[in-house]
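>>> This is the structure alone, sequence omitted:
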């Protein structure tokens, strides 16, 4: 009697398991929902001291993405200003415009324009344009890695020494690690070589950890490094900015 009851229970459990299998398979194979057509963010960081010393640091940034299928366009800006004892010590502005269109499921073609102004690094104006290909090398949750490479042209007006005007070869990678539903780590690195002067190459790397504190607000800890192998005469070749910012998404 007990063995018969056991067989009935095993059969019942098996039926339940087989009935759930299609749902589990569907949950595993269903593609993620498409991203929104429009999304953006704005961030603000401020550090100030008074008393024995008077300093003030402001960091502003923003990003807006528009996806009119099949295109994707992105604008990204950042601004940093530092003042100590009523004297301006640092001021940098960086703008990036990028548009891309898929060629194959993992391959896309892109065009990009960048502008940089950083007088305290000796760069009065830098305009750079680039066209190339981007490839999604890894896309397995929680990891995503996109690499790109392209050819371009850059014109840089310097505070001292000769200005630069050269064709360029660039390459980079964007890595995203989704730590949880509310936090992620990103690293964006880009290397640019001058095709006219071998010693003129530069590298920029930005690492950021973002954690949600509400549906619209996040806290962001970031570190950005810019390295110039051939800096402006009289200036150092490395600049680094570390910031903690409040980010609002819309």
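Cool, the structure landed. Just so you know, these numbers come straight off a predicted model, no measurement behind them.

>>> Residue 44 and residue 246 touch, don't they?
Yes. At 5.7 Å, residue 44 counts as touching residue 246 under the criterion of C-beta atoms under 8 Å. C-beta: built from backbone N, CA, C; applies to glycine.

>>> hey, what's residue 184 bridged with?
Beta bridges link residue 184 to residue 178, residue 210, judged by DSSP bridges.

>>> distance of it from residue 105?
To residue 105, residue 184 is 23 Å away according to C-beta to C-beta, to the nearest Å.

>>> Residue 118 now?
Distance from residue 118 to residue 105, by C-beta to C-beta: 38 Å.

>>> which of those two has more neighbours?
residue 118 (21 against 8; other C-beta atoms under 10 Å).

>>> which non-adjacent residue is nearest that one?
Sequence neighbours aside, residue 92 is the residue nearest to residue 118 in space, at 4.1 Å (criterion: C-beta to C-beta, 6 or more residues apart in numbering).

>>> Now do that neighbour: how many residues are near it, please.
By the measure other C-beta under 10 Å, the count of residues near residue 92 is 21.

>>> which regions of this protein lie under the pLDDT threshold?
1-32 (pLDDT under 70).

>>> List the contacts of the most centrally placed residue in it.
Centroid-nearest residue in the chain: residue 188, 5.1 Å away (criterion: C-alpha atoms, centre = their mean). Residue 188 makes contact with 172, 173, 174, 175, 205, 206 under the criterion C-beta atoms under 8 Å, 6 or more residues apart in numbering.

>>> Would you list the strands that the host helix or strand of residue 39 pairs with, along with their directions?
Using DSSP states H and E, residue 39 maps to strand 38-49. Applying DSSP bridges, strand 38-49 is found paired with strand 55-66 (antiparallel), strand 238-249 (antiparallel).

>>> how about the strands in this structure?
Counting by DSSP state E, the chain has strands at residues 38-49, 55-66, 72-84, 87-102, 107-118, 123-140, 143-158, 164-180, 183-194, 201-212, 217-228, 238-249.

>>> Can you check what angle separates the fourth one from strand 55-66?
For strand 87-102 against strand 55-66, the angle by axes from the mean of the first three to the mean of the last three C-alpha atoms, to 10 degrees is 10 degrees.

>>> Do I have it right that residue 219 meets residue 247?
Yes. Taking C-beta under 8 Å as the definition, residue 219 is a contact partner of residue 247 at 7.3 Å.

>>> which residues are common contacts for the two?
residue 210.
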